[in-house]
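A.B. asks: Generate coordinates for the sequence data below:
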Amino acid sequence: MENIHIYELRRMDLNGATVIDGFPSVGLVSSIVANYIINALNLEQVAIMDSVYFPTVSLIRDGEPMNPVRIYAGSKEDSKDKIVVFISEFQPPPNLIKVIAAAVIDWAEDQKCKMLLCPEGLIVDRDPSIEERPEMQVYGIGSTKFAGSVLKENAITIFEEGVITGVAGVLLNEGKKRGFNVISLLSEAHPDYPDARAAARVIEMIDRILLHTELDAQPLYEEAERIEMQLKSIHKQTETAKRTPAPARPSMYG
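C.D. replies: Next comes the predicted model:
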């Protein structure tokens, strides 16, 4: 894909793998889900996505520099599902969303992955005077008949009408065009802060879909407040960084 490149850091057989989209979404639901799965399953970094239009920053974590878009993969045991996670702390601008989504599916097809899951936050109008949050729903929509059958088999309510924006929306359209299995999982989320509780509900749905991998969302519920504060701090730093464009380069986020 022009201007978007994926560089492999190590080879891994990903035939039949399930791919998780971790580009930022409403309530940072996808980012929280992606981080949680990477840590819970001890996934290894296998590749990076890069472009001259990506932000000129390095995310430092545990004393190690990280590319703005990273790809993790692995499985705990041979009997477990193969999992791939794309993760980024940066929100792609509108002019790059389509090429990023196309590059993700190109790579997934090349690796012979079977399905792509897109966690998303869904904004729902609530009475602000009500502090207690009711149990919120997770909806799903698939790009193919097979993807739709996966949702029905796992008792996930079909998202009948609305709009899905960003990378997840384009991945759905691209999946339908190519006949590639893409599922978007939409959890009702707060739009103004990182919503770890909404992400935990998506984890529960992914746990249903991944038949051979156990994902326990309970620790995410218990640590929701700490995770939300941590991600809010990271998001604030990235907002500051993206306002500083690279010299003599068109900035991805400027």
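A.B. asks: Is Asn188 in contact with Leu122, as I believe?
C.D. replies: In this structure residue 188 is Glu, not Asn. Yes. Counting by Cβ atoms under 8 Å, Glu188 touches Leu122, with 5.1 Å between them. All C-beta atoms are positioned from the backbone trio N, CA, C, and that covers glycine.
A.B. asks: In the sheet, which residues pair with Ile87? Tell me.
C.D. replies: Applying DSSP bridges to Ile87 yields these beta-bridge partners: Gly22, Arg70.
A.B. asks: How much space separates it from Glu161?
C.D. replies: 30 Å (Cβ to Cβ, to the nearest Å).
A.B. asks: Specify which residue of those two has the higher count of neighbours.
C.D. replies: Ile87 (24 against 4; other Cβ atoms under 10 Å).
A.B. asks: Report the contact partners of the more buried one.
C.D. replies: Gly22, Phe23, Ser31, Ala34, Asn35, Ile38, Val69, Arg70, Ile71, Tyr72 (Cβ atoms under 8 Å, 6 or more residues apart in numbering).
A.B. asks: count of residues packed around the closest residue to the second one other than its chain neighbours?
C.D. replies: Translated: Phe23. Among residues not flanking Phe23 along the chain, Val167 sits closest, at 4.3 Å (Cβ to Cβ, 6 or more residues apart in numbering). Applying other Cβ under 10 Å, we find 26 residues neighbouring Val167.
A.B. asks: phi, psi of Val167?
C.D. replies: phi -60, psi -40 (degrees, to the nearest 10).
A.B. asks: Does it touch Ala101 like I think?
C.D. replies: Yes. Using Cβ under 8 Å, Val167 makes contact with Ala101 at a distance of 5.3 Å.
A.B. asks: On the pLDDT front, check the residue nearest to Phe23 for me.
C.D. replies: In this model, Val167 is scored at 94, pLDDT.
A.B. asks: From Gln218, how far out is it?
C.D. replies: 28 Å.
A.B. asks: ok, now Asn173?
C.D. replies: Taking Cβ to Cβ, one finds Asn173 at 35 Å from Gln218.
A.B. asks: of the two, who's got more company?
C.D. replies: For the pair Asn173 and Gln218, the greater number of neighbours falls to Asn173 (14 against 10), based on other Cβ under 10 Å.
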